[in-house]
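**Q** Make a model of this:
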Amino acid sequence: MRALYLHPAAAFGGASKSLIELYGLLKERGVVGTVLSPSGAACLAFKQAGLEVHSVKGLSQFDNTRYGHYRGLRWLILLRELYFLPSSLLALWRLRGGRFDLLHVNEVTLLPLGIVAKWLLGVPMVVHVRSLQRKPGTDWRTWLVNRWLGRHADAVVAIDHTVASTLDPALPIAVVHNGLNISATAALRPSGEGGPVRIGFLGVLIPLKGVYELVEAMRILVKERGLNVECLIAGENAREVSGLKALLLRKLGFARDVRGELSQLIEQHDLQEQVRLLGFVGDVRALYRRLDIICFPSHLDAAGRPVFEAAFYSIPSVVAVADPLPDSVIHGVTGLAVRGPDPVAIADALQRLAEDPAYRRTLGLQARAWAEANFAVDRNALLMYEVYCRALSRSCVATSD
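**A** Reported below is the predicted structural model:
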């Protein structure tokens, strides 16, 4: 089975890592993968994983996610998507002779481009929905995206039930969690180290991930409440821009030097000893083995991949999810959920775990059992392979009809 993957982001993040771990097992079942992606760290990782890589400057997208949808000045982002459109179409045109069997669109924002690719290649299309969408009935754009999915997608894959709940229930939706390839021995952590309780954050540094609120929560814990805690923040800016382009984008609010701003905040509050910016961390396994708590206070009302990874290491989480479903976080069982990225609420949850080691260990062990039941990579790779097979069968039936 030859699969073409359309991947939207140049940075190496959760979506690219999940695709690599998925492909590692799919290729054992005979899937041969090619990926079309913007140039960047993700392309290098795809090559190292054995995927054939075709890179472009950028892929044209249409964002109707709950927090990224076009409104106000964000409508100007469409100019960027129009700028990328000619090179995106040219890249697909060059791939039309690749004799692919299946198209896997690795984020629903690439749906319009995926529809063009499906038409050019004449193959069934699987659309992976990784982010919360605007619920049906919101406006005409939401209606249009769900109509496109219903008409053109042979399968729709949501990464969890929370994401699935934001799609039209009439769609052919399969819930396939991001599989995590973490062995039992790799997940063993040293115990009884003493010293400060270590809180971790991993991810691309963007404001929506809640990193500013995390630093403010650390200020509250250290300066106001006197807790012996330390925070390790791993990740780089989503993209680096400079010169006139950087100035213009920052004036419009579309690009921020998040790492630079965090450094200033840390210095301003005299937290250099308690909050450390690690930059990009290649071996996250070594980092997880140093942590006691993972914190992901996202504005996206969702638990990110680091929460699930950390669970394999028996690390409980603090997340900003208003109404968590059992496959995102189980409040009081695998971690603690706060209703939004409020620094005081985050600090309260972190303090509860930091001051009660027995409770923290109990939640960590329960988180590990939960992760092994939901996010084992072999189980989820099999589910995805079955989605592929159903999409191929559905396409064959439609063609014969």
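**Q** Burial check on Arg99, number of neighbours?
**A** Arg99 is surrounded by 8 other residues when neighbours are defined as other Cβ atoms under 10 Å. C-beta coordinates here come from the backbone N, C-alpha and C atoms, glycine included.
**Q** Then Asn228?
**A** Other residues close to Asn228 by other Cβ under 10 Å number 12.
**Q** what's the closest non-adjacent residue to it?
**A** Nearest in space to Asn228, with sequence neighbours left out and distances taken as Cβ to Cβ, 6 or more residues apart in numbering, is Pro196 at 4.7 Å.
**Q** Relative to Val35, how far out is the one you found?
**A** 41 Å (Cβ to Cβ, to the nearest Å).
**Q** is it true that the residue nearest to Asn228 touches Cys231?
**A** No: taking contact to mean Cβ atoms under 8 Å, the distance of 9.4 Å between Pro196 and Cys231 leaves them out of contact.
**Q** Comparing the two, which residue is more hemmed in?
**A** Under the criterion of other Cβ under 10 Å, the comparison of Pro196 against Cys231 puts Cys231 first, with 26 against 16.
**Q** Check whether that one sits in a helix, strand or coil.
**A** strand (DSSP: H, G, I helix; E, B strand; the rest coil).
**Q** so what's it bridging to?
**A** In this structure, Cys231 bridges to Ile199, Val275 when assessed by DSSP bridges.
**Q** Tell me which helix or strand comes right after the lowest-mean-pLDDT helix or strand in the chain.
**A** In the chain, the helix or strand scored least confidently by mean pLDDT, DSSP states H and E is helix 243-252, which has a mean of 54. Heading C-terminal from helix 243-252, the first helix or strand you meet, by DSSP states H and E, is helix 258-268.
**Q** Name the residues of that next one that are buried.
**A** Residues 258-259, 261-262, 265-266 are the ones in helix 258-268 that count as buried (16 or more other Cβ atoms under 10 Å).
**Q** again, but for stretch 97-112
**A** Of the residues in stretch 97-112, those buried by neighbour count under the rule 16+ other Cβ under 10 Å are 100-112.
**Q** With just CA atoms, put that stretch into PDB.
**A** Extracted in PDB, the C-alpha atoms of stretch 97-112 (Å, rounded to 0.1, in the frame of the first residue of the first chain):
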ATOM      1  CA  GLY A  97       2.600  10.000 -11.400                       C
ATOM      2  CA  GLY A  98       3.500   8.400  -8.100                       C
ATOM      3  CA  ARG A  99       0.900   5.600  -8.300                       C
ATOM      4  CA  PHE A 100      -0.300   6.100  -4.800                       C
ATOM      5  CA  ASP A 101      -3.100   3.900  -3.300                       C
ATOM      6  CA  LEU A 102      -4.100   6.300  -0.500                       C
ATOM      7  CA  LEU A 103      -3.900   9.900   0.600                       C
ATOM      8  CA  HIS A 104      -3.600  10.700   4.300                       C
ATOM      9  CA  VAL A 105      -4.200  14.400   5.100                       C
ATOM     10  CA  ASN A 106      -2.500  14.900   8.500                       C
ATOM     11  CA  GLU A 107      -4.600  17.800   9.600                       C
ATOM     12  CA  VAL A 108      -8.000  19.000   8.600                       C
ATOM     13  CA  THR A 109      -6.700  22.500   7.800                       C
ATOM     14  CA  LEU A 110      -5.200  21.000   4.700                       C
ATOM     15  CA  LEU A 111      -8.600  19.700   3.500                       C
ATOM     16  CA  PRO A 112      -9.000  22.000   0.400                       C
END
